[in-house]
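K.L.:
requesting a structural model of the entry that follows:
(chains A and B)
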Amino acid sequence: MLNLVTCIKQVPMVSELPWDSKRGTLKREMADGMMNPACKHALEAALLLKNKFSGHITAITMGPPMAEEVLHEAIAMGADRGILLCDPHMAGADTLATSYTLARLIEKECADFDLVLCGCNTTDSETAQVAPQLTEELDVPGVMYVDQFELSDKSLRMQRTVDGFLETLEMELPGLISVSTQQYSPRYASFSGLQEAFNESDIKIYGIKDIGVDPELTGKKGSPTKILDVYSPMANKDNIVLSGSPRNVVEELFKKFDDKIGSAIGKDLKEYE
Amino acid sequence: MDFNPCMKHKIVRKTVREFAEAELGPIAYEIDKDARFPWEVVEKMRPLNFFGLQIPQKYGGAGMDSISYAIVIEEISRVCAAVGLCVTVHNSVGAYPILFFGTEAQKKRYLPPLACGERIGAFCLTESNAGSDAGGVETNAVREGDNYIINGTKIFVTNGGICGTALIFANVETEGIRPDTRVFIIEKDTPGFLVGEIEDLCGMRANPVSSLFLEDCVVPAENILGNSISGLKIGFTALDAGRLGIAAQALGIAQGAFDAAVKYSKERQQFKKPLSSFQTIQNYLADMATEIDAGRLLLYRACSLKDENKPFSAEAAMAKLYCSRVATTVTNQAVQIHGGYGYSKEYDVERFFRDAKVTEIYEGTSEVQRMVISRSILTKLT
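P.N.:
Next up is the predicted model:
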């Protein structure tokens, strides 16, 4: 039976949040939270592994009390248990302090894990650093931005796209991967799953004492990163005029931009050709 | 008294919103235009328990509370009211009476296929001379041995064209005794059970509303719901629950139209300023938001009374009366904010405007709701 761990993060449900210059953080309380999309893909990948090989999934998250929500959601989707790391000492953690804390929890609660699955990035801060740092902290091999993988006899064969090239890699387990949003479209939680996730779910809430982390290395104290500013990615605008008959213009538009249009609406337009 | 949604209700809302926006959003316009019922979406809804929301898990449902149920209907209807209608009618007046009044054998036989959505439920009370007057049913059932022979016509049956299990109100004639209404559970493959043409309606066009004909339809006596419980009692109890669903649906339509109006008012420029910068539009939006919120509080109160097993008939009628009025006024206002575009099918508010009206009519008209409410006021002991 596979012992799987998925790290999931609750992120704000809006595309942009105002910056609190006094606290040096995003004003997260201004929006409802949701499970980070890439984390959801990682959870789906874990669920498929569980269905195929039988396994046990521990979903872990670190955040304020309201982050418990994403653990219920993960259990409703099919995870077996959830752990929330929630402690005032953990607040304000940068990616280094976060991966240090997550690693100590995994070592304590899931020491004999086969695979840790993370989302490749988060929609709120976009650093994509926690997964690779967690690999170092756990001292296991890791591959980031995995599009899809196959597992056979403790060996993971993975594909990822890097700089326009398709890479195929192999890794022995135990290991860690971060999953991209290219494949593994997440399932919807069923209502009976949701009902069970609230009636009899196995969710534990731990603070720093429960997992024995050094308070100097977690939270704001353990965070060497100083954030000076947060801004949305700049969009490059180009004016392109297409001419000809409406039919030709539309065909031209889709020929040139089908990838971009497809990713904007979340569909592969090639299916419709 | 806690007015904050609990974590479970927040996740239910998020889950259904995500589903409705992804699966129904892209087709809502087309299925309305073509009056097409989207079986392909139903296929995806089945394993998620959309058709067994409050049916207990032992009969294959999700066993959810009434506020969760209301949230589900609200969120589907916020995107596509016609599918919201199918789900609410199926769950409330289609399945709930079997759960509430059925014998154990009836529950075991009929609830699992309803809970998994293999069979869609329908509730057939309205006839050419019955509807608001629930006692005016003319469909009759005559006993012959272990069976009843049923004849009659039911009209305006929601889910009529797609139903697999229908609850039919009919007068049972027994010699020497005054006829009494009973509810028969009839499956669509029963000989003599015929589906009429699909109605060409103003709104809710993706729901196949039709007449149902019963022509010498032979039904075993064991199919009488709850053995010998009065049909009117079943009808009134079912409609109390059904009203929560229609109130939720009306609220969802209003919310959908409101969200569209807010978005449009920020985008549309007139006099070189967005519409939302004009005080008149701001007043419209403020009134719409207040009305929706008031309706939601009425609805959730009625739902929580039901879950506490307390009487909720008058409260459900108030919620239904109020939310359906909110739906018609808010959708009207949303069209107004959209101006000429709101009158075009290109924008969702035109569909919301047409869908809203019937919430003041079915599951008891607004006038019937007032009857229910005033009766509860006037019969209260002082």
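K.L.:
what's the span of stretch B:45-65, first residue to last?
P.N.:
19 Å (C-alpha to C-alpha, to the nearest Å).
K.L.:
where along the chain do the helices fall?
P.N.:
Reading this off chain A. Using DSSP state H, the helices of chain A run over residues A:37-53, A:68-77, A:95-109, A:130-138, A:191-199, A:208-211, A:246-265.
K.L.:
can you look at chain B instead?
P.N.:
Using DSSP H, helices in chain B cover B:7-19, B:28-33, B:39-45, B:66-79, B:81-89, B:96-101, B:104-115, B:231-267, B:279-307, B:313-338, B:348-357, B:366-378.
K.L.:
so for the fourth one, mean pLDDT?
P.N.:
To tie it back to what came earlier, the one meant is helix B:66-79. For helix B:66-79, mean pLDDT rounds to 98.
K.L.:
below-threshold pLDDT in the chain: ranges please.
P.N.:
Going with chain A. Within chain A, the stretches with pLDDT under 70 are A:14-19, A:21, A:23-26, A:28-30, A:233, A:266-268, A:270-273.
K.L.:
hmm, I had chain B in mind actually
P.N.:
B:175-176.
K.L.:
residue farthest from the centroid of it?
P.N.:
Ranking residues of chain B by C-alpha distance from their mean position (C-alpha atoms, centre = their mean) puts residue B:272 at the top, at 43.2 Å.
K.L.:
ok, now how distant is that one from residue B:118?
P.N.:
With distances taken as C-beta to C-beta, to the nearest Å, residue B:272 is found 57 Å from residue B:118. Every residue, glycine included, has its C-beta placed from N, CA and C.
K.L.:
the helices of chain B: which one's closest to residue A:37?
P.N.:
For those, the distance to residue A:37 is smallest for helix B:7-19, at 10.8 Å, taking C-beta to C-beta.
K.L.:
and residue B:165, which of the helices of chain A is closest to it?
P.N.:
Residue B:165 lies closest to helix A:191-199 among the helices of chain A, at 20.4 Å (C-beta to C-beta).
K.L.:
identify the residues contacting residue B:213.
P.N.:
Counting by C-beta atoms under 8 Å, 6 or more residues apart in numbering or on different chains, residue B:213 touches B:153-154, B:193-196.
K.L.:
what of residue B:91?
P.N.:
By C-beta under 8 Å, 6+ apart, residue B:91 lies in contact with B:51-55, B:69, B:121, B:245.
K.L.:
which one of the residues you listed sits closest to chain A?
P.N.:
The nearest member of the contacts of residue B:91 to chain A, counting by C-beta to the nearest C-beta, is residue B:53 at 6.3 Å.
K.L.:
quick check, that closest one in contact with residue A:192.
P.N.:
No - taking contact to mean C-beta atoms under 8 Å, the distance of 9.9 Å between residue B:53 and residue A:192 leaves them out of contact.
K.L.:
so which of those two has more stuff around it?
P.N.:
residue B:53 (30 against 21; other C-beta atoms under 10 Å in any protein chain shown).
K.L.:
got the residues of the stretch 151-273 of chain A near chain B?
P.N.:
A:188-192, A:194-195, A:198 (C-beta under 8 Å from any C-beta of the partner chain).
K.L.:
neighbours around the residue of chain A found nearest chain B, how many?
P.N.:
Relative to chain B, the nearest point of chain A is residue A:191 (3.6 Å; C-beta to the nearest C-beta). Counted with other C-beta under 10 Å, residues neighbouring residue A:191 total 25.
K.L.:
contacts only, for it.
P.N.:
The neighbourhood of residue A:191, defined by C-beta under 8 Å, 6+ apart, consists of B:12, B:48-50, B:52-53, B:62, B:64, B:68, B:72.
K.L.:
taking those, tell me the two that lie furthest apart.
P.N.:
Based on C-beta to C-beta, the longest span within these runs between B:12 and B:52 and measures 14.5 Å.
K.L.:
and stretch B:340-355, what's buried?
P.N.:
For stretch B:340-355, a neighbour-count test (16 or more other C-beta atoms under 10 Å in any protein chain shown) marks B:342, B:347-355 as buried.
K.L.:
make CSV from the residues you listed and add distance to chain A to it.
P.N.:
Below are these laid out as CSV (distance: C-beta to the nearest C-beta, whole Å):
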residue, distance to chain A
B:342, 24
B:347, 19
B:348, 17
B:349, 22
B:350, 23
B:351, 21
B:352, 23
B:353, 26
B:354, 27
B:355, 24
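K.L.:
just these now: which is nearest residue B:87?
P.N.:
After measuring those against residue B:87 - C-beta to C-beta - the closest member comes out as residue B:355, at 14.3 Å.
K.L.:
so that closest one sits right up against residue B:81, yeah?
P.N.:
Yes - in this structure, residue B:355 is within contact of residue B:81 by C-beta under 8 Å, at 4.1 Å.
K.L.:
which residues are in contact with each of those two?
P.N.:
With contacts defined as C-beta under 8 Å, 6+ apart, the residues shared by residue B:355 and residue B:81 are B:203-204, B:253.
K.L.:
and stretch A:159-170, end to end?
P.N.:
Across stretch A:159-170, the terminal residues are separated by 9 Å (C-alpha to C-alpha).
K.L.:
tell me which residues in it are buried?
P.N.:
Neighbour-count burial for stretch A:159-170 [16+ other C-beta under 10 Å]: residue A:160.
K.L.:
all strands for the stretch 51-200 of chain B, in order.
P.N.:
B:120-124, B:140-144, B:147-157, B:163-174, B:177-187, B:193-198 (DSSP state E, counting those that start in this stretch).
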